[in-house]
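Here's my sequence, what's the structure:
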Amino acid sequence: MKKVLICSMLIAALASCKKEAAVPASQSPSSEVKASWSSSDKWGSWSNGGYSINNDVWGSGAGPESIWANSYSNWGVWSNQPNTGGVKSYPHANKPVGRSLNSINTLTSSFNVSTPNGGSWEATYDIWDSGYKNETMLWFNYTGAVGPISDTYNSNGAVPKFTNVNVGGHTWNVYKGWNGGNNVYTFIRTSKTNSAWVDVKAIQQWIEGKGWFGNITQGDVQFGFEITSSNGGMNFTTNNFSVTYN
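Residues are numbered from 1 along each chain as shown. Next up, the predicted model:
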């Protein structure tokens with residue numbers, strides 16, 4: 001009887017310890033999400049349906065980040081980045097294209113995301129040529145003190161090359177700059193949204209029309225969250241995402 005009683009007490013105590021040690025979902029939701037794949041590796045990557053999902057934690061002083069995915073169109077990330085300057089990570093989905101811009105009939109994309117209220121980040125496309133010399137960013141939602149790369153600044157920050165440009169199904173302020181390795185063309189939507197369809201080819205051809213690049217070979221079309229700070233841990237979820245071209 002004593003042995004049974006002692007064992008019962010030990011089992012109860014262990015259960016209590018486990019309960020107290022459990023990590024709250026708000027601190028590590030990736031451990032609570034039932035997903036086909038997950039990773040806390042800063043370079044964690046998973047392939048699905050011709051796309052890749054990438055954690056891509058690359059910035060100086062970056063904190064922990066966990067990514068999960070059920071498919072290329074349904075994935076998310078929990079990120080805990082400190083309130084310091086500089087981009088820390090760009091968790092994203094990537095679709096390679098590999099065709100010359102003017103030989104593509106259509107190149108479009110759509111997304112639907114859920115984003116936190118605080119922090120400093122952008123929900124953005126990152127669209128590359130095949131040589132990674134020209135980068136087109138499309139900011140659809142954004143918060144915090146982060147600004148675009150520009151070749152002109154004033155007391156208010158980056159100065160756009162063009163304002164209220166209607167192209168690709170949206171209205172943008174457009175910035176042009178250089179980050180030390182490649183040209184950067186940033187299109188910031190004049191009103192924020194977490195859900196949209198966009199004509200990527202039209203935007204790329206608008207840039208071509210300005211003479212900023214020629215008939216490039218279209219490389220990767222990426223979409224994700226460029227995170228500068230998310231102190232305490234924040235959730236970013238892609239509910240739906242796709243890229244279509246022919």
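
Identify the residues contacting the closest residue to Trp172 other than its chain neighbours.
The shortest distance from Trp172 to any non-neighbouring residue, by C-beta to C-beta, 6 or more residues apart in numbering, is to Phe187 (4.1 Å). The way it works is simple: take the backbone N, C-alpha and C, and place the C-beta from them, glycine included. With contacts defined as C-beta atoms under 8 Å, 6 or more residues apart in numbering, the neighbours of Phe187 are 136-139, 165, 168, 170, 172-174, 203.

mind listing which of those are in strands?
136-139, 165, 170, 172-174 (DSSP state E).

circling back: how near is the residue nearest to Trp172 to Ser52?
Distance, Phe187 to Ser52, by C-beta to C-beta, to the nearest Å: 24 Å.

circling back to that earlier point, quick one: the residue nearest to Trp172 and Asp199, what's the gap?
From Phe187 over to Asp199 the distance is 12 Å, taken as C-beta to C-beta.

shared neighbours, these two?
Common neighbours of Phe187 and Asp199 (criterion: C-beta under 8 Å, 6+ apart): Gly168.

Any idea how many residues pack against the nearest residue to Met137 once chain neighbours are set aside?
Leaving aside its chain neighbours, Met137 sits nearest to Thr186 (4.6 Å; criterion: C-beta to C-beta, 6+ apart). Using other C-beta atoms under 10 Å, the number of residues around Thr186 comes to 24.

From what I see, Thr186 and Val146 are in contact.
No. Judged on C-beta atoms under 8 Å, Thr186 makes no contact with Val146 at a distance of 10.9 Å.

Tabulate the contacts of Phe187 in JSON lines, adding columns for distance to Gly233 and pLDDT.
As requested, these are exported to JSON lines (distance: C-beta to C-beta, whole Å; pLDDT from 0 to 100):
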{"residue": "Thr136", "distance to Gly233": "30", "pLDDT": "98"}
{"residue": "Met137", "distance to Gly233": "25", "pLDDT": "98"}
{"residue": "Leu138", "distance to Gly233": "27", "pLDDT": "98"}
{"residue": "Trp139", "distance to Gly233": "23", "pLDDT": "98"}
{"residue": "Val165", "distance to Gly233": "36", "pLDDT": "98"}
{"residue": "Gly168", "distance to Gly233": "34", "pLDDT": "98"}
{"residue": "His170", "distance to Gly233": "31", "pLDDT": "98"}
{"residue": "Trp172", "distance to Gly233": "31", "pLDDT": "98"}
{"residue": "Asn173", "distance to Gly233": "31", "pLDDT": "98"}
{"residue": "Val174", "distance to Gly233": "34", "pLDDT": "98"}
{"residue": "Ile203", "distance to Gly233": "34", "pLDDT": "98"}
